[in-house]
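*Asks:* Here is a sequence with its predicted model. Questions after.
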Amino acid sequence: MADDEKRPIIIRKIKKNKGGGHHGGAWKVAYADFVTAMMAFFLLLWLLNVTTDEQKALISSYFSPADPRIATSVSGSGGVLGGMTVSPDGAMAHQKDPAVSFPGTLRPDGTKNTPDDLQHVADKELEDELQRREQERFEKVEEQIRQAIETVPELKNLAQNLLIDQTPEGLRIQIVDQEGKPMFPLGKSDPLPEALLLLKLVTRVIMDLPNMISIRGHTDALQYGAGAAYTNWELSADRANASRRAMLDYKLDLKRIENVMGKADREHLVKDDPTSARNRRITIILLKEALVPGLRKTVKKPATQPKKPDMTKPLPKQPHKREEGIIYFP
């Protein structure tokens, strides 16, 4: 009994775990790696979608060795350089040319592009992009004019008097006579109200574009009497100038006018019938920017899209006499 009393009393406490306990943060690291990999994967898909074939070839050339010895040699350590240097044998100084081929530095035959070659490629891409945007502007102008013709009651009856197409010079808008619906009095240069309505519409649509404008007058093959001092040349030039004055009255910038021409009966619209009324017309051409040197540096940038024409404003009265100081010939 004495020994039992001397023994120490040992008390064991057992804690019961009520939860799952802490499992560590390894799963968070794995999840972060997974999300990063997915992001890189979708970035790769996006790059493949937005890049052109030429850009893909340039990117591929970045990872291709520029020196054939680097790819074919198996001597030395067997690594990327294969135990060889990019400098000539025995050279201690580093050469100026880099060992890595950066995008755009190689031609298709493997030779290096010069700075002039790279600049030419950049200029060509810029020119193509500017031409594409210009084409989109021309298409918007054509669409807006046709919509106005269909929606404005005063213009609906003049749909046959307006022709729009594209030529190597640019977007051509023609205001033509029809049998029974002339745009100018016979033998005179003052535009009729119907012609003023169409000139107003065209001016309002093209007002904010950067393209320079050529205005040309045309007549049919009917001639004045023998010995007449006033001929189709003067008539076509006067009608083109009258159209120019009308467009300036509708707030067209004077600097946009590139030229005004009288073409007489040299360019028939209906070639098989030189006396057709449709040969009497005014041609307004939005000249392509490439045809006007220095245009992109001097003309203000266009709005995102041409403004819709406002046909609610009244037409101003047009003068019915020749102005002094104006040359009426091409």
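*Replies:* Structure's in. What do you need?
*Asks:* what residue ranges in the stretch 51-200 of the chain are flagged as low confidence?
*Replies:* 65-123 (pLDDT under 70).
*Asks:* Not counting its neighbours along the chain, what's nearest residue 268?
*Replies:* Beyond its immediate neighbours in the sequence, the residue positioned closest to residue 268 (CB to CB, 6 or more residues apart in numbering) is residue 279, lying 4.8 Å away. All C-beta spots, glycine's among them, are computed from the backbone N, C-alpha and C.
*Asks:* give me phi/psi at that neighbour?
*Replies:* Backbone torsions for residue 279, taken as degrees, to the nearest 10, come to phi -70, psi -20.
*Asks:* number of nearby residues for it?
*Replies:* Taking other CB atoms under 10 Å as the neighbour definition, residue 279 ends up with a count of 21.
*Asks:* What does the pLDDT read for it?
*Replies:* Residue 279 is assigned a pLDDT of 94 by the prediction.
*Asks:* Please determine how far residue 30 is located from residue 37.
*Replies:* For residue 30, the distance to residue 37 equals 11 Å [CB to CB, to the nearest Å].
*Asks:* now do residue 265
*Replies:* Between residue 265 and residue 37 the distance, using CB to CB, works out to 74 Å.
*Asks:* How about residue 173?
*Replies:* Taken as CB to CB, the spacing of residue 173 relative to residue 37 amounts to 57 Å.
*Asks:* When these two are compared, which one has more neighbours?
*Replies:* Between residue 173 and residue 37, counted using other CB under 10 Å, residue 173 has the larger neighbour count: 24 against 10.
*Asks:* Quick check: that one is in a strand.
*Replies:* Yes - with the criterion set as DSSP: H, G, I helix; E, B strand; the rest coil, the secondary structure at residue 173 is a strand.
*Asks:* Find the residue closest to it in space, skipping its chain neighbours.
*Replies:* Nearest non-adjacent residue to residue 173, counting by CB to CB, 6+ apart: residue 284, 4.6 Å away.
*Asks:* which strands and helices sit next to the one helix or strand the one you found maps to?
*Replies:* Remark: residue 284 resides in strand 281-287, with elements defined by DSSP states H and E. Counting contacts by 3 or more CB pairs under 8 Å, 6 or more residues apart in numbering; DSSP states H and E, the secondary-structure elements packed against strand 281-287 are strand 170-176, helix 193-206, strand 213-218, helix 232-249.
*Asks:* What residues sit buried inside the helix or strand containing residue 136?
*Replies:* Following DSSP H and E, the helix or strand that holds residue 136 is helix 115-151. Taking 16 or more other CB atoms under 10 Å as the basis for neighbour counts, the residues of helix 115-151 that come out buried are 134, 137-138, 141-142, 144-145, 148-149.
*Asks:* C-terminal to the helix or strand where residue 34 lies, what's the next element?
*Replies:* Using DSSP H and E, the secondary-structure element containing residue 34 is helix 26-50. From helix 26-50 onward toward the C-terminus, using DSSP H and E, the following helix or strand is helix 53-62.
*Asks:* what angle sits between that following helix and helix 26-50?
*Replies:* Taking axes from the mean of the first three to the mean of the last three CA atoms, to 10 degrees, helix 53-62 and helix 26-50 form an angle of 130 degrees between their directions.
*Asks:* in helix 53-62, what's buried?
*Replies:* Neighbour-count burial for helix 53-62, with 16+ other CB under 10 Å as criterion, is recorded at 58, 61.
*Asks:* quick one: it to helix 115-151, angle?
*Replies:* In terms of direction (the same axes, to 10 degrees), helix 53-62 departs from helix 115-151 by 150 degrees.
*Asks:* one step back: what about the residue nearest to residue 173, how many neighbours?
*Replies:* Applying other CB under 10 Å, we find 23 residues neighbouring residue 284.
*Asks:* which strand residues sit across from it in the sheet?
*Replies:* Assessed by DSSP bridges, residue 284 has beta-bridge partners residue 173, residue 215.
*Asks:* how close does it sit to residue 263?
*Replies:* From residue 284 to residue 263 the distance is 13 Å (CB to CB).
*Asks:* Check the gap between the residue nearest to residue 268 and residue 10 for me.
*Replies:* 123 Å.
*Asks:* Likewise for residue 145?
*Replies:* 103 Å.
*Asks:* Check residue 260 too.
*Replies:* 117 Å.
*Asks:* So these two - more neighbours on which side?
*Replies:* Neighbours around residue 260 and residue 10, counted as other CB under 10 Å, are more numerous at residue 260. The numbers are 21 against 5.
*Asks:* quick check, the more buried one in a helix?
*Replies:* No - the assignment for residue 260 by three-state DSSP gives strand, which leaves it out of any helix.
*Asks:* Does it touch residue 239 like I think?
*Replies:* No - under the criterion of CB atoms under 8 Å, residue 260 makes no contact with residue 239, lying 10.1 Å away.
*Asks:* That'll do, ta.
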